[in-house]
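Below: sequence and its predicted model.
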Amino acid sequence: MNHPQREEWVPYLYGEATPEDRRRLKEHLRNCADCRVNLEAWRQSLNCLDAWKLPRRPVPLESVMPFFKWAAAAALVLAVGFGIGRLTTAKPDAQQLQALIEQRVRQELTEELTRLVRQEVRKSAAATLEAANRQTDATVAASNQALYLSVKHDLDTLAVNTDLGLQQAEQQLVQLASEEQPANLGIPSNHH
């Protein structure tokens, strides 16, 4: 008996065979138990694959940590501002106290932003260097010496450029954070 090729069964399994091929393959299945068994096994495999669901990947905690840090810094500044605002309403020298508080809040905010930026830059630089080192190690295992040297040079250049870019970003953020802030930071004054 002349059996159809496996490639002929794929369109039949997916319902994409031409009417002529479908008729010919059905006729063959009526007379061939081996092909019926194979076709049923293929259908079961396809059903198992269709029913398979990939597990959901949890969101890594380190991807949301920077947002929590910024939110904590903002809440701290807000709480300090609110508390000082409550204190200034009872004092007769409110303008001088408000200016002092604004200066203190600005200084604390600048220090906190600088600390957070430096921390994130260090983390990013370490992660970049670690990734570059892992990539280099994998390349060494799979490549000859000349290819390894070329890829290592490119990865080192990438790591250095990334580190320089992150340092420049840190400097710019520190500079932005230390620039003069608007006079009113939302702290109520005693002007009547």
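Sure, I can see it.

Kindly state the pLDDT recorded for the closest residue in space to L46 that isn't next to it in sequence?
Spatial nearest neighbour of L46, chain neighbours left out: L13 (6.7 Å); criterion: Cβ to Cβ, 6 or more residues apart in numbering. In this view, the C-beta of every residue, glycine as well, is placed from N, C-alpha and C. pLDDT for L13: 88.

residues near L13, how many?
Neighbours of L13 under the rule other Cβ atoms under 10 Å: 14.

Make sure it is actually in contact with N47.
No. L13 lies out of contact with N47 (Cβ atoms under 8 Å); the separation is 10.8 Å.

by contact count, what packs against the helix with the most length in the chain?
Longest among the helix segments of the chain by residue count, using DSSP state H, is helix 94-142. Other helices and strands packing on helix 94-142, by 3 or more Cβ pairs under 8 Å, 6 or more residues apart in numbering; DSSP states H and E, are helix 61-88, helix 145-178.

a markdown table please, covering the ones you listed and showing mean neighbour count.
Below are the helices and strands packed on helix 94-142 laid out as a markdown table (neighbours: other Cβ atoms under 10 Å):
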| stretch | mean neighbour count |
| --- | --- |
| helix 61-88 | 13 |
| helix 145-178 | 14 |
